[in-house]
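1. Sequence first, predicted coordinates after that:
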Amino acid sequence: MCGRYAIATPHFTRIEQVLGTPFQAVQPRYNIAPTQNVPIIRQTEHGYELTELRWGLIPFWSKTPTTEYSTFNARIETVATKPAFRGPFRTRRCLIPASGLYEWKLEGGKKQPYFITGEDDAGMALAGLWDEWRDSSGFTLASCTIIVGPANERVAPIHDRLAIILPETAYAAWLDPKTGIEQVNGLLRPYPADQIRCWPVSMAVNQARNNSPDLIAPICSQNIQ
C-alpha cells in the first residue's frame, strides 16, 4: 500500500513540461501521511488546476465527513466497482505529484523503511481520484486517494504493492473526464522496474511528525538499487 510519500522539490518539473502548464511552487515535505492536505492536479473546464485536498477520500454520498474504513488507497482490482471509488474513477481523476514514496520490508524481525523513486529527479505522478463531500450548511470537504496495484520486479522484494506511477504519455488522458473507461483501465499498469530506484532509509520516517530531507537519504550509498 502507499501510506507515506515525499515531495522534495517546490516545482513539478516533468508534469509541468508534459501538460504545458506552470504551477505555483509548493512547500517541500518529506513525510506526507494520510489525513493531511496534499497537492493534486486535476482538469477543470478552465484547464489544469493545482489545489490541495485531504488525503483519504470521503465519497459525496457519505452521511458524515468520516468513514469506517480506510480510503487513502484504492486497490486497482476493485477501484472500478467499490461504491466509494467507482464514480471518481469515471470522471474525477487526478495526478498526485511525488518525488518518491515509502514502503516497509520485514528484515531481522523489524520493518525497515525504503524510499522508492524514479530514475531521475524530475518527479513522479501517482494515479489518484478525488471527490467532494458537502453538508446541509454548505461546508465542503474535498479529498483524494492514491490507486495501488501489484509491485514491479524491483519493488516486490520490499513490498507486494506499489502506488500506480503514471508514465508521461498517460497524464493528459488520465486527467480528461471524457477518456473512456477502457482506456483508463489500460493506463493502470506497474511502472517499469528499470525506471525505479530504491534504498533503505532512517527509521525516523516511522514518526509522521518528522519532516526533514534526511528522511529520504540512503542509510548507506552502497545500498541504492
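-> Yep, it's here.
2. where does P97 land in three-state SS?
-> strand (DSSP: H, G, I helix; E, B strand; the rest coil).
3. Is it correct that it is in contact with F12?
-> Yes: under the criterion of Cβ atoms under 8 Å, P97 makes contact with F12 at 4.4 Å. Bear in mind the C-beta positions are built from the backbone N, C-alpha and C, glycine included.
4. For the longest helix seen in the chain, which helices and strands make contact with it?
-> As assigned by DSSP state H, the longest helix anywhere in the chain is helix 83-91. Other helices and strands packing on helix 83-91, by 3 or more Cβ pairs under 8 Å, 6 or more residues apart in numbering; DSSP states H and E, are strand 73-75, strand 124-134, helix 181-187.
5. rewinding a little: residues that sit against both of P97 and F12, list them.
-> Common neighbours of P97 and F12, counting by Cβ atoms under 8 Å, 6 or more residues apart in numbering, are 26, 41, 123, 125.
6. what pLDDT does the second one get?
-> Which is I41. The confidence metric pLDDT takes the value 98 at I41.
7. How about it, nearest residue that isn't a chain neighbour?
-> Residue nearest to I41 in three dimensions, not counting chain neighbours: L95, with 4.4 Å by Cβ to Cβ, 6 or more residues apart in numbering.
8. mind listing what the one you found touches?
-> Neighbouring residues of L95 by Cβ under 8 Å, 6+ apart: 15, 40-42, 125-128, 166, 171, 174-175.
9. between those, which is nearest N31?
-> Proximity of the contacts of L95 to N31 (Cβ to Cβ) peaks at L126, which lies at 16.0 Å.
10. Near that closest one, how many residues? Count them for me, please.
-> L126 has 23 neighbours, counted by other Cβ atoms under 10 Å.
11. what do you get for C220?
-> Neighbours of C220 (other Cβ under 10 Å): 8.
12. residues contacting it?
-> By Cβ under 8 Å, 6+ apart, the contact list for C220 reads P200.
13. can you map out the helices along the protein?
-> Taking DSSP H, the helices of the chain run over residues 13-19, 83-91, 171-175, 181-187.
14. and the first one, how far out from the chain's middle?
-> Once both centres are worked out by Cα atoms, centre = their mean, to the nearest Å, helix 13-19 turns out to sit 16 Å from its chain's centre.
15. Show residues contacting it.
-> By Cβ under 8 Å, 6+ apart, the residues outside helix 13-19 that reach it are 22-23, 41, 48, 95, 97, 122-125, 168, 171-172, 175.
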